[in-house]
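Engineer: pasting the sequence and the predicted coordinates here, then a few questions.
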Amino acid sequence: MGGNSTLEEFEKKFRSLQFVVLYHQFPPSSERESHWDLLLEQPNPESSQLLCFEVSVPPGDWQKTTPAKQLPDHRAIYLTYEGPVSGNRGMVSQILKGDAQWVTRSENLLVLNLQFRWEKEKQNPLVVATLNLTKTTTETDRNWELKLQVCDLM
């Protein structure tokens, strides 16, 4: 067998990518509003950082076009982490988690196919959906619009 590929590299390249939605609740004394963080594992196998978008409404409302603000990339630990955030920045709790498949990734448009359960319970149907993120302005790379289109329940 030729080449330098190892089984670990193969699995990393072809495994399912994940996404998570965290509810980020700030303390009452904070200047920031509580919100939902959408964290997306990137398709680049060398990247260990998650794309992050702050959304002011819960995921159940994402079937309508919703503003989202891109935040700095987050560490991959947030795919599984729940609890306090350092620097007195409140708490995060996982609302959704599932698999993501990238369809389109350009400077102004991100499209992913998602699979998840609304409340992480095995008896809830598996949701198959398409997530579209569209940049709303060229002056800043932080403002996007998000829309979740549910395709099927399994």
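Structural biologist: Everything's here; your move. Numbering: from 1, shown residues only.

Engineer: so who does the spatially most central residue of the chain touch?
Structural biologist: In the chain, the residue lying closest to the centroid (CA atoms, centre = their mean) is Leu39, at 2.8 Å. By CB atoms under 8 Å, 6 or more residues apart in numbering, Leu39 lies in contact with Phe19, Val20, Val21, Leu22, Leu50, Leu51, Cys52, His74, Tyr78, Leu79. For glycine as for every other residue, the C-beta is placed from the backbone atoms N, C-alpha and C.

Engineer: then the fourth one would be within a strand, right?
Structural biologist: Yes - counting by DSSP: H, G, I helix; E, B strand; the rest coil, Leu22 is found in a strand.

Engineer: and it, bridged to which residues?
Structural biologist: Note on Leu22: beta-bridge partners by DSSP bridges are Asp37, Gln94.

Engineer: where in the chain is pLDDT low?
Structural biologist: Scanning the chain with the threshold set as pLDDT under 70 gives 1-15, 45, 120-122, 138-140, 154.

Engineer: show me the contacts of Leu39 that map onto helices.
Structural biologist: The helices, defined by DSSP state H, take in nothing from the contacts of Leu39.

Engineer: looking at the residues you listed, spot the one nearest Gln115.
Structural biologist: Phe19 (9.7 Å; CB to CB).

Engineer: is that closest one in contact with Lys97, as I believe?
Structural biologist: Yes - taking CB atoms under 8 Å as the definition, Phe19 is a contact partner of Lys97 at 7.3 Å.

Engineer: who touches both of the two?
Structural biologist: What both Phe19 and Lys97 touch, as defined by CB under 8 Å, 6+ apart, is the set Phe116.

Engineer: the more surrounded of these two?
Structural biologist: Phe19 (21 against 16; other CB atoms under 10 Å).

Engineer: not counting sequence-adjacent ones, nearest residue to the more buried one?
Structural biologist: In space, and not counting its chain neighbours, Phe19 is closest to Ala100: 4.3 Å by CB to CB, 6 or more residues apart in numbering.

Engineer: neighbours around that neighbour, how many?
Structural biologist: Residues near Ala100, counting by other CB under 10 Å, number 20.

Engineer: what separates it from Pro84, distance-wise?
Structural biologist: Relative to Pro84, Ala100 is positioned 26 Å away (CB to CB, to the nearest Å).

Engineer: do the same with Arg142
Structural biologist: Computed with CB to CB, the distance linking Arg142 and Pro84 is 26 Å.
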